[in-house]
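Visitor: this is a predicted model, with the sequence first.
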Amino acid sequence: MQLFRQKPLNLARPAALGLLLLAVACAKPAAPPSVQIAIAPAEVAPAPALPPLPPMGGDTGFQAFIRDFETTAMAAGITPDTYNRAVAGITPVPAIQTVIDNQPEFAKQVWSYLDGTVSARRVANAQLMLTRYADVLAGIESRSGVPKEILVAIWGMETDYGGSKGDYNLFATLATQAYEGPRQQYARRELLAALKLMQQENYPLSEMVSSWAGAIGQTQFMPSTFFKYATDGDGDGKVDLWNSPADALASTASLFAQEGWQAGKPWAYEVKLPKDFDFSIADLDDRKPLSDWAAMGVETAAGAALPAGDDPASLYLPAGARGPAFMLFTNFRVIMKYNNAASYALAVGMLADRMTGAKPFVAKWPRDERALSRAERNQFQNDLNSLGYDAGDTDGLLGRKTRNALKLYQKSKGFAADGFPTAALLTSLNSDASTANPRAADAAAADANGSGVGSAAR
Ligand code: CA
């Protein structure tokens, strides 16, 4: 789904790995149940009173972690009562590690992702929500400066307007990730925050459901995010992100406002590039004053001059030179604070624009470009590296380093240097790599074929 490597931490929640849920089907089997041995109490002095241990679940190591972590929780001000209620009966969630470990077999093309996320149904439901919550949204917008359409777009993207808040036990999913895996430290902090949340807000345990990642409520806050941004939107004196859309929307607006949303400014808009444009300068992380872009011949999609001004803007080509081009502004980066993926921010902005009747983009997506398999993405990186371009580690994630290496290769071939990986480019790379280094290229191709078959078979 994501075109770019995700950073592990976000303000609202970790990287969107929704597509990775597809990998749940190949979850590792659960560990065999541990055996509890009943030991007859020794007939000596009665033991000092200890808090009851949680029931043993399916993983001895996990249950030992739960017991050990209590010390950490106590040090953070969690009472034994809160702790024992929160962890009572929880067992590791076996699918999670697989979800985290597995990349999707096919990187979804951005237009397919947008087709799914900015669907006609979701836009129609957004209109219903704008009407149903008109007063609430007007109040939040006037206080925060964040447009109601952006807030409703987040709501739609995150949970389909509250319809899919996740049904994981918040404590089980965070404890599983705190116990093992690549996000332990992060998950431990979030687990402590979740415990604090339960203790401070006195939520019923049964209501504290989350996504697999531990994001909660209608707009999917991470527990730690709650303490920085959550706010009471409906004025009943409590913050309930699960059951009160007003609270969830006001809290999301609070996050956006605190993270620098610029009221009255655009998030992005489509632009038209001049002939013979050097596509290699398109880079999300390279900001120039809007007037610089205008001086380079960038125009609005309709072919008019860009608005005057020096707002910092980046040029974004989500599908390379053959697709739409966008000027991105500060507000786009604020959306990315919610979920650190440019494609996510694009979807949120598009959804918001569609609510106000925006027309589809002028430029068409290059829908004939097929998605690349993981083996092909790996081979992309291997080929670039073997040709002397530094594409970074072979991780199948075609991030900035790989894109920059690809731009250099494209330049060397006289192609449009947009850094967008295509099947045709891979063919060209394979050919050049095998000419330059026949044996290494054969081995890489054999590897790619081998893992491709294995992945498809799972
Ligand atoms: Ca409330």
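Guide: Thanks, I have the structure now.
Visitor: now do the contacts for the closest residue to the ion within the stretch 251-400 of the chain.
Guide: Distances between the stretch 251-400 of the chain and the ion by Cβ to the ion are smallest at residue 251, namely 9.7 Å. Just so you know, the C-beta spots here come from the backbone N, C-alpha and C atoms, and that holds for glycine as well. Residue 251 is in contact with 217, 219, 221, 226, 229-231, 233, 239, 241, counting by Cβ atoms under 8 Å, 6 or more residues apart in numbering.
Visitor: how about the secondary structure of it?
Guide: At residue 251, secondary structure determined by DSSP: H, G, I helix; E, B strand; the rest coil is helix.
Visitor: once you drop chain neighbours, what's closest to it?
Guide: residue 230 (4.4 Å; Cβ to Cβ, 6 or more residues apart in numbering).
Visitor: contacting residues for that neighbour?
Guide: If a contact means Cβ under 8 Å, 6+ apart, then residue 230 has 221, 239, 241, 247, 251, 254 as its contacts.
Visitor: quick one, grab the pLDDT at the closest residue to the third one other than its chain neighbours.
Guide: Translated: residue 241. Residue nearest to residue 241 in three dimensions, not counting chain neighbours: residue 217, with 2.8 Å by Cβ to Cβ, 6+ apart. If you check residue 217, the pLDDT there is 97.
Visitor: repeat that for residue 212.
Guide: 91.
Visitor: pull the contacting residues for it.
Guide: Per Cβ under 8 Å, 6+ apart, neighbours of residue 212: 21, 93, 95-96, 99, 166, 168, 173.
Visitor: do residue 247 as well
Guide: Taking Cβ under 8 Å, 6+ apart, we find residue 247 in contact with 230-234, 238-241.
Visitor: which of the residues you listed sits closest to residue 398?
Guide: Within those, proximity to residue 398 (Cβ to Cβ) peaks at residue 241, which comes in at 34.8 Å.
Visitor: surely that closest one forms part of a strand?
Guide: No. Residue 241: not assigned to a strand; according to three-state DSSP it is coil.
Visitor: can you pull the contacts of it?
Guide: Taking Cβ under 8 Å, 6+ apart as the test, what residue 241 contacts is 216-219, 221, 226, 230, 247-248, 251.
Visitor: next, give me the two most distant ones among those.
Guide: Greatest spacing in these, by Cβ to Cβ: 218 and 226 (12.9 Å).
Visitor: neighbour count: these two, which is higher?
Guide: Taking neighbours as other Cβ atoms under 10 Å, residue 218 and residue 226 compare with residue 218 leading, 26 against 21.
Visitor: distance of that one relative to the ion?
Guide: 12 Å (Cβ to the ion, to the nearest Å).
Visitor: follow-up on the earlier one: so how far is residue 389 from the residue of the stretch 251-400 of the chain closest to the ion?
Guide: Going from residue 251 to residue 389 by Cβ to Cβ, to the nearest Å gives 45 Å.
Visitor: one more: residue 193?
Guide: Taken as Cβ to Cβ, the span from residue 193 to residue 389 is 42 Å.
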